[in-house]
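*Asks:* Below: sequence and its predicted model.
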Amino acid sequence: MLVYWRAPSICYLELKMSDQINKERAADGAADAIAVTVIIAIVVTAMYVWLSGMPS
């Protein structure tokens, strides 16, 4: 009987920890997406400035 009552709490704890890990991964993914977007914007802006200064 004791095992029966412990099992749901263990499953709940594992589910809670799994949700926390998924939220952390989602936050990491959002930060990575923002970082990549900023890097691409810097490269595109640098190329625009460099090419606009060239004689036509």
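*Replies:* Cool, the structure landed.
*Asks:* shaky segments in this protein?
*Replies:* 1-18, 56 (pLDDT under 70).
*Asks:* Spell out, range by range, the helices that occur in it.
*Replies:* Shown for the chain, the helices assigned by DSSP state H span residues 2-52.
*Asks:* For residue 41, see how far away residue 35 is.
*Replies:* 11 Å (C-beta to C-beta, to the nearest Å). Heads up, the C-betas are built off the backbone N, CA and C, glycines and all.
*Asks:* same check, this time on residue 53
*Replies:* Counting by C-beta to C-beta - residue 53 and residue 41 are separated by 19 Å.
*Asks:* Residue 21 too?
*Replies:* 31 Å.
*Asks:* cool, residue 25 as well?
*Replies:* For residue 25, the distance to residue 41 - C-beta to C-beta - is 25 Å.
*Asks:* again, but for residue 55
*Replies:* 26 Å.
*Asks:* who's more crowded, those two?
*Replies:* Neighbours per residue, other C-beta atoms under 10 Å: of residue 55 and residue 41, the larger number sits with residue 41, 10 against 3.
*Asks:* which residues touch the more buried one?
*Replies:* The neighbourhood of residue 41, defined by C-beta atoms under 8 Å, 6 or more residues apart in numbering, contains no residues.
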